[in-house]
Structures are given as structure tokens and as C-alpha cells.
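Undergrad: Have a look; sequence and predicted model below, questions after that.
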Amino acid sequence: MRDNLMKALFFLLAVFILIAVTTQIYSAVKEEYKTETAVIFSSADKVSFKGVYIRSEDVIRKTYAGVLSYPSADGSKVANGSVVAYVYGSEEDIELNRRIEAIEEEIKLLEAAQNPGTVLTAQPEFIASLISEKYQAISTRLAKKDIDDLKSQRDDLLTLMSIYQISVNQEEGYDDRIAMLEAEAEALRAKRQPYKYAVTSPDAGYFVSYTDGYENILKAEDTSGITADLVKDVIANEKQVKENRSKSEIGKLVKGYNWKIAGVIDNSDSVYNPGDPVKLSFASTPDKVNAVIESLEPTEDPNEWTLILRCEEMTFDLVRRRVERVEMTLNDFEGIKVPREALRFNKNNEKGCYVLWGQRVLFKKVDTVFEDKDYILSRLTSDENYVCVYDDIIISGVDTAAFMANSDEVVTSADTQETESLEIYSVTEASESTAEITEASDSEGEPDETGGETEPVQTENTEGEIHFE
């Protein structure tokens, strides 16, 4: 019994000593290198500013007597010859038509809600969950002051609630309500006065119901006269643009897909340059648009530069405003950050870096997606032959023993183009002043795994320490 106990104690002691020695060796080896953990990094440079849209805009003019009513929302696409406005005798006539349209829409919603096919298959729990989701969506839009599509969202919520009322037997149907609405609509139609005449579009494009007086000043064909003072003036008059329209102006037509936007930014660090491709984000839409910096001119203020961007993507949201908050993003690349001082070339002239893998040093390649003066970004990958996230990238070494993962690896500095032959080594002892090296293969010249004989390569400084770069 006592012998078994002693054996167990000796075994535990041996394990403890082994763990301690291994830990010390690992710590000694690891501390020999200056490393940096590979992380995901974005190279994007961003700047936010108030931009002024510059488009090809033609004002639609027609002298009229009465009140204008627009059948389509601002930003809608219109064809050549399509109606863009109706002229009525009074506001009461327009309001009467709006009331009739609202009643007709409610009738359609109620008829859809009591459709036999919908009612028979509707499950109260499922409809209730849809109502909750729609309510949250509307609340979110209101919080963001995004009311462009609010009517459509409201109609969907009303339809779901009407279906739910029938599915839980709180309502048998809406026939009575529909009959009452139809009678009301018929009475209003009897009072309705037809419009005097319609205004049609002279060309195809995006129609906007207001003009602001800048249509003939801000021309996409020629931006040479656009200055920082002009941009600031347009921004200052942003809230008065709809009050500048004369009596004969119906609206304007935005033609083509090419447009520009001007702003004033601080480019004192020369981050942005003409010709740079950038991405634009807008306050009015979640969509991102590709653009190119057309010009960037300094002003008398060293912190202000007049910026003009060129774009070829037109959308519904981009034609309804003259001024908008814009975020411009340059070099929007994402990858694994590798410091330039860590870059090396292997014997196959492949660019990469050395990483510390436990007690081993491995050469891993990089797949460059972006370059900066201080670092490069390597493409995100799970291929272990390339630098991966959380690898310990070796920046530089110190005077001590080294573990090399690849036999006969030729290392070329990316900056100095100096080469050195590196072999596989194991550490037998390390201290502050000396390091003893034993060759991984037999010292008598036994062949290595590749069939050749290995010989240690060592250089000594004046203090007797061994250097491996």
C-alpha cells in the first residue's frame, strides 16, 4: 500500500516538473519575439457633410388659374406625355377627391379582410404575431422620422387587425360597413367638380413638384462656377426652397441618371484626391451609392475645401431634395491587418509573414486587398496557409534561440531585401546572456526528412550571444 502511494506521489511530482519545465521553455521562447495579434481591420476613411445636389433639371412652366393637385409623389418616374398635375377650381374640390379616394381604399381593405379564403385559413395566434411585428415596424419608422411609406404600413396593419377580429369571432363580417362607405362615396361623387385641365410632362424623367430657383444655377454640365460660398448659401436657404416658386411653375423634371453633389470638407491632411472612388450614404435612404471625386479645390480657409462628386446611380430618394446630410467613405476595405515591418518573402518569392504557433514559427502567406504606408490588409480566409484572425504575427526578434517551422527557408525582408538561411532548431537552455542550440537532426550529419544533411547556421556577437534574424 505504501509503495503504491509513493509511486503515485513520484508520478505526480514528475508530471508537475514536466509541466513547469515546458511552461518555462514556452515562456522563454515566446518572449523572444515582438508579436502582434492578427485582427480584422477596416481601412475606411469617412467624412460627413451637408451636400447640395446638382442635376440636369428642367422647370415645367404653364400659366394656370386654380389650384394644383399632383397625382404622383415627388421622385416618381414619369413618361413623356403623362399627367404630372391637375388644375382644380378650389381647394375644396381637391379635398373632396382625396376623401373619395380614402373611402375607396378602405372599402378595398375591408373586402380583402373578409375574403373567405383568408378568413378560413387565418390562425389567431399567427395573425396576432403579424400585428405585433407591424406595430413595431411602424413605431420604429416614427422614431426615425421615416414617414415616406407610413400610409402603406398603416393600411397593412388595419387589414391584419380586421382579419383578427373575424378570426376570433368578434366580427362576423364587414358588409354593413362596406355598404355605408359605398353610399358615402356615391354622395361625394355627386358633389365633385371635375378638374379644369391636366398638365403633362414634356419628357421622361423623375418629377418633383417644387422648384427652388437653383435649377439654372446648379447645372451638372458645368460645375466650374460652384464655390464654397454658393454651397453654403444653398444650404442656408434649404427651408425656403418651396417658397421660391413662381405662379407659372408646375414643378421640374430631373432627367438622366448622371448627377453630382457638392459640399465643403476639411482635406488639410490630403486624405481625399480627385479621381478617388468613394461610397456615399444618405440620411434619406439606407441605400449606398458609388461615386467618384471629380474635383477638390482649396479655399481661403485652410480647413475648407470645395468638393464635387460625380455619380451615375439615380433613385427615387435622390431627386426629392436639394440639400441632404451625406457620409463619404474612401478605401472601404476589410481584412486582416499585417504591419509592413512584419512582411517577408519566402524562397518561392511569396509575400507573407512569420507567425508564432506554440513553440514553432510558421511562414504564412498574405492575400493583399489594401495597402497603406504602415500596414496591409490581407483577405479574410480560413485557409491555414494564409494569415488568419488571431494569429500571433512576429514583428521582430531579439538575440536568442529561434524555432523555425520550415527547413531551409529563405527569408527576404520586404524592406531591406536581405536574405538568410533558416533551419529547424530546438532550445535546450536559455538565459539572459546565452542560448545553447542543438540541431533538430543528428549532429553527425544524419539525413533530415527531405533527404539532405542539416548543418547549424549560427552567428555570434561580441558577447557570445547567438543571433537569429
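TA: Noted; the coordinates are in hand.

Undergrad: Do you have the strands of the stretch 301-450 of the chain handy? List them.
TA: Ranges of strands within the stretch 301-450 of the chain are 305-311, 323-330, 334-339, 343-345, 351-357, 360-365, 368-371, 375-378, 392-397, 409-413, 419-422, 425-430, 435-439, based on DSSP state E, counting those that start in this stretch.

Undergrad: Can you check which of those strands gets nearest to residue 88?
TA: Closest to residue 88 of the strands of the stretch 301-450 of the chain is strand 323-330 (CB to CB; 31.0 Å). Glycine gets a C-beta too; all of them are placed from N, C-alpha and C.

Undergrad: now for that closest one, which elements pack on it?
TA: strand 45-54, strand 259-265, strand 277-282 (3 or more CB pairs under 8 Å, 6 or more residues apart in numbering; DSSP states H and E).

Undergrad: Pull out the buried positions in it.
TA: For strand 323-330, burial by neighbour count (16 or more other CB atoms under 10 Å) applies to 323-324, 326-328, 330.

Undergrad: Report the angle between that strand and strand 305-311.
TA: Orientation check (axes from the mean of the first three to the mean of the last three CA atoms, to 10 degrees): strand 323-330 against strand 305-311 gives 90 degrees.

Undergrad: and the angle for strand 323-330 with strand 259-265?
TA: Going by the same axes, to 10 degrees, strand 323-330 makes 80 degrees with strand 259-265.

Undergrad: Could you tell me how far strand 323-330 lies from the centre of the chain?
TA: Strand 323-330 has its C-alpha centroid displaced from the chain centroid by 13 Å (CA atoms, centre = their mean, to the nearest Å).

Undergrad: what comes into contact with that strand?
TA: With contact meaning CB atoms under 8 Å, 6 or more residues apart in numbering, strand 323-330 is reached by 44-53, 234-235, 238, 261, 263, 265, 271-272, 276, 278-284, 291, 307, 309.

Undergrad: Let me have the strands of the stretch 301-450 of the chain in TSV, extended by distance to residue 59.
TA: Below are the strands of the stretch 301-450 of the chain laid out as TSV (distance: least, CB to CB, whole Å):
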stretch	distance to residue 59
strand 305-311	22
strand 323-330	19
strand 334-339	44
strand 343-345	58
strand 351-357	58
strand 360-365	60
strand 368-371	45
strand 375-378	48
strand 392-397	61
strand 409-413	65
strand 419-422	71
strand 425-430	80
strand 435-439	83
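
Undergrad: Of all those, which one is nearest residue 222?
TA: Per CB to CB, nearest to residue 222 of those: strand 305-311, 11.3 Å.

Undergrad: The closest one packs against which elements?
TA: Using 3+ CB pairs under 8 Å, 6+ apart, the elements in contact with strand 305-311 are strand 45-54, strand 259-265, strand 277-282, strand 288-298.

Undergrad: Looking at these, spot the one closest to residue 211.
TA: strand 45-54 (13.4 Å).

Undergrad: Now the closest one: average pLDDT?
TA: Strand 45-54 shows a mean pLDDT of 93 in the predicted model.

Undergrad: Need the winner for burial among the helices and strands packed on strand 323-330.
TA: Mean neighbour count, computed with mean count of other CB atoms under 10 Å, is highest for strand 259-265 among these, reaching a mean of 23.

Undergrad: strands paired with it, and their directions?
TA: strand 45-54 (antiparallel), strand 305-311 (antiparallel) (DSSP bridges).

Undergrad: Now for residue 354: which residues touch it?
TA: Taking CB under 8 Å, 6+ apart, we find residue 354 in contact with 342, 344, 361-364, 393-394, 411.

Undergrad: Now it: closest residue in space, sequence neighbours ignored.
TA: Spatially, and ignoring its direct neighbours in sequence, residue 354 is nearest to residue 394 (4.4 Å; CB to CB, 6 or more residues apart in numbering).

Undergrad: Would you agree the one you found is in contact with residue 356?
TA: Yes: with contact defined as CB atoms under 8 Å, residue 394 counts as touching residue 356 (5.8 Å).

Undergrad: Next, show the common contact partners of these two.
TA: What both residue 394 and residue 356 touch, as defined by CB under 8 Å, 6+ apart, is the set 33, 35.
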